[in-house]
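Colleague: Quick one, what's the 3D model for this:
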Amino acid sequence: MGLELYLDLLSQPCRAVYIFAKKNSIPFELRSVELLKGQHLTGRLFQKSNSLQRLPTLKDGDFVLTESVAIMIYLSFKYQTAEHWYPPDLQARARIHEYLGWHADCIRGVFGVPLWSKVLAPLIGVQVPEEKVQRNRTTMDQALQVLQDKFLGDRAFLTGQQPVALGYDLFEGRPQLAAWRERVETFLGTDLIQEAHSSILNIIECVAKKTFLDPLPEAYPFMLLCISKIP
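Modeller: Here you go, the predicted model:
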C-alpha cells in the first residue's frame, strides 16, 4: 500500500496538506473522512489507522502521522521537494516555525469561528452569543495587523521571497495582504485552489439554499466541543 492521506477538505489543516501534496506531485491515495458525519470517531478503517481520531492523518505503510505541520515536513523530506518549501538554512527554518507557532494560536482557531458561528452551529440548533462573535472580529483584526506588519512586511511571501509549506486563510479589505494572497494563488494555481476549497464553498452554498443535510447525531459531540471552545 502506498501513501495514504486521511482528509476532510472542510478542515483548513487538511486543505494545507492536500495543496502541498498536489502542488509537489506527490502520489497519494485520498481517504475521505467526513467530520460532519462523525467518521473520524466511528469509521473503522480510520480508527485502525489513527487512535487519536484526528485529521489530517498520513499513513505510509505501517507509519502513521498526525498534525498538518509534521505531515508536510515529512513529505518535504521523503519526496525531496524544492528547498524553498522547507529551507535547509537554520534561521530560515526557525522563521517558519515561529510563524507556524503563532499561526496555531492566532490564526487557526480565530479565523475558523465565522464558519462555526454562521454556518455550522445553526445546523445543530446552537447560536453563538453575539458578544463572542464581536470579540472574534476584534481578534481577527488584531491578528491581520500582526500578520501584515510582523510576518509579511515588505516580503513577497510570509518568510521570504518564495512560498513555504504554510496553510493560509483568505483576507479582505487589506491591499497588502490581498496582494500576498494573489501571489500565493498564482503560484499554486487557481484550479488547485478551487479544488481544495470546493467542499467548504459547497457547504456554504448548500446551507444558504437550505439544501444541506443535517449533520449526523454521531457528529454532535464533536461539533458542540468545537463551539464550546470559541472564546
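Colleague: so where's this structure uncertain?
Modeller: For the chain, applying pLDDT under 70 flags the ranges 1, 42-52, 159-173, 213.
Colleague: just the helices in it please.
Modeller: Under the criterion DSSP state H, the chain contains helices at 12-23, 39-42, 44-49, 68-78, 90-103, 109-111, 113-115, 121-123, 130-146, 175-188, 190-208, 220-228.
Colleague: Redo the ones you listed as CSV? Include mean neighbour count and distance to Thr57.
Modeller: Placement of C-beta: from N, CA and C, glycine included. Listed next are the helices of the chain as CSV, based on neighbours: other Cβ atoms under 10 Å; distance: least, Cβ to Cβ, whole Å:
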stretch, mean neighbour count, distance to Thr57
helix 12-23, 22, 9
helix 39-42, 18, 9
helix 44-49, 14, 6
helix 68-78, 19, 8
helix 90-103, 15, 19
helix 109-111, 19, 20
helix 113-115, 17, 22
helix 121-123, 16, 25
helix 130-146, 14, 27
helix 175-188, 14, 23
helix 190-208, 14, 17
helix 220-228, 14, 15
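Colleague: Go through those and name the closest to Arg31.
Modeller: helix 44-49 (7.3 Å; Cβ to Cβ).
Colleague: Now render the helices of the chain as a markdown table, adding distance to Leu3.
Modeller: Formatted as a markdown table, the helices of the chain follow (distance: least, Cβ to Cβ, whole Å):
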| stretch | distance to Leu3 |
| --- | --- |
| helix 12-23 | 8 |
| helix 39-42 | 19 |
| helix 44-49 | 12 |
| helix 68-78 | 8 |
| helix 90-103 | 22 |
| helix 109-111 | 29 |
| helix 113-115 | 29 |
| helix 121-123 | 33 |
| helix 130-146 | 33 |
| helix 175-188 | 20 |
| helix 190-208 | 18 |
| helix 220-228 | 26 |
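Colleague: Of these, give the one that comes closest to Leu5.
Modeller: Nearest to Leu5, of the helices of the chain and by Cβ to Cβ, is helix 12-23 at 6.3 Å.
Colleague: which stretch among the helices of the chain comes nearest Leu58?
Modeller: Taking Cβ to Cβ, helix 68-78 is the member of these nearest to Leu58, at 4.7 Å.
Colleague: Mind listing residues that contact the closest one?
Modeller: For helix 68-78, the external contacting residues (Cβ atoms under 8 Å, 6 or more residues apart in numbering) are 5, 13-14, 16-17, 20-21, 24, 26, 56, 58, 60, 65, 81, 85-86, 100, 165, 167.
Colleague: that older thread, go through the helices of the chain and name the closest to Ala156.
Modeller: helix 175-188 (6.0 Å).
Colleague: Now do that closest one against helix 12-23: the angle between them, please.
Modeller: Between helix 175-188 and helix 12-23, the angle comes out at 40 degrees (axes from the mean of the first three to the mean of the last three Cα atoms, to 10 degrees).
Colleague: how far out from the middle of the chain is helix 175-188?
Modeller: In terms of Cα atoms, centre = their mean, to the nearest Å, the centre of helix 175-188 is found 17 Å from the chain centre.
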